[in-house]
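Novice: structure for this input, please:
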Amino acid sequence: MTDATRPTTDITLLGRSYVIACPPDEQEKLERAARYLDRAMSGIHAQNNLLGTERIAIMAALNIAHELLETLDTQRAGEQSLDALSARLEQALADTPRR
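Specialist: Take a look at the predicted model:
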């Protein structure tokens, strides 16, 4: 597939449009991600409108990466808690006398 025939999607970040190569079945996810990034960038821009777009994008990316890592840590902690509970349940069932 040449670049000219590759499916694309238009997104907007801080009022600037970008054309991104994207399979049609991923378009909705890309647009959702772009809206999330645009909100993050707009929030940073609102706090300091003297920052350049590149710096705003980097700061937004770092904030989003931090959110992701926090979420992954929380998920792992939840999984460990469930594993511990499951082990306790299995042990309790194993220790229960059978009739």
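Novice: helix or strand for the spatially most central residue of the chain, which one?
Specialist: The residue lying closest to the centre of the chain (Cα atoms, centre = their mean) is residue 68, at 5.8 Å. Using DSSP states H and E, residue 68 falls within helix 53-95.
Novice: quick one: average pLDDT of that helix?
Specialist: Across helix 53-95, pLDDT averages out at 95.
Novice: from the contact counts, what lies against that helix?
Specialist: The helices and strands touching helix 53-95, judged by 3 or more Cβ pairs under 8 Å, 6 or more residues apart in numbering; DSSP states H and E, are helix 27-47. For glycine as for every other residue, the C-beta is placed from the backbone atoms N, C-alpha and C.
Novice: elements contacting the helix it packs on?
Specialist: Packed next to helix 27-47, using 3+ Cβ pairs under 8 Å, 6+ apart, are strand 8-13, helix 53-95.
Novice: list the contacts for residue 59?
Specialist: By Cβ atoms under 8 Å, 6 or more residues apart in numbering, residue 59 lies in contact with 44, 51.
Novice: run the last query once more with 7 Å
Specialist: Residue 59 makes contacts with residue 44, as judged by Cβ atoms under 7 Å, 6 or more residues apart in numbering.
Novice: for residue 38, same thing?
Specialist: When contacts are counted by Cβ under 7 Å, 6+ apart, residue 38 is found next to 12, 13, 14.
Novice: could you give the bridge partners of the second one?
Specialist: Residues in a beta bridge with residue 13, per DSSP bridges, are residue 16.
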